[in-house]
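Chemist: Just the structure for this:
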Amino acid sequence: MESNRQRKVAQIIQEDMAEIFRKQASESQQNSFLVSVSDVKVTTDLSIAKIYLSIFPAELRAPIMKEINTNHTFYRNYIGQKMGKQVRIIPQLSFYLDTTLDDVERIEKELRGEGDNPIL
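Modeler: Numbers count the residues shown, from 1 in each chain. Below is the predicted model of the structure:
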């Protein structure tokens, strides 16, 4: 069960990370892509934040996740500047790829009989 404090910190991180990813996508000269922050989970001591990202298109997921993980200190500093007055400890950020939408699409495809599963 999450406390109110955990939910508030998670919401602040989610909003700030969504803002920075939106800015980076609009400033990018490369392919157009979308990085959305689908969920943020914060530990009870507020020291670690798990950030779940959805990245579209699917073929850009690996390079974008690699770039995000190599620049995690930049993102932590950004979060620290945004919420430094609200918390004592700026949480360590861990980024994870959220594939729930892909899983839902795959399951729906299987249920329609269009997947790899044979119809019995």
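Chemist: CA atoms for contacts and neighbours, from now on please.
Modeler: Fine.
Chemist: Quickly find the element holding the closest residue to Arg61 other than its chain neighbours.
Modeler: Using C-alpha to C-alpha, 6 or more residues apart in numbering and skipping the chain neighbours, the partner closest in space to Arg61 is Ile55 (5.8 Å). Taking DSSP states H and E as the criterion, Ile55 maps to strand 48-56.
Chemist: how about that strand: buried residues?
Modeler: 48-55 (16 or more other C-alpha atoms under 10 Å).
Chemist: okay, those in JSON lines with pLDDT and distance to Thr73 next?
Modeler: Output for the buried residues of strand 48-56, formatted as JSON lines (pLDDT from 0 to 100; distance: C-alpha to C-alpha, whole Å):
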{"residue": "Ile48", "pLDDT": "96", "distance to Thr73": "13"}
{"residue": "Ala49", "pLDDT": "96", "distance to Thr73": "13"}
{"residue": "Lys50", "pLDDT": "97", "distance to Thr73": "14"}
{"residue": "Ile51", "pLDDT": "97", "distance to Thr73": "14"}
{"residue": "Tyr52", "pLDDT": "96", "distance to Thr73": "17"}
{"residue": "Leu53", "pLDDT": "96", "distance to Thr73": "17"}
{"residue": "Ser54", "pLDDT": "93", "distance to Thr73": "20"}
{"residue": "Ile55", "pLDDT": "90", "distance to Thr73": "20"}
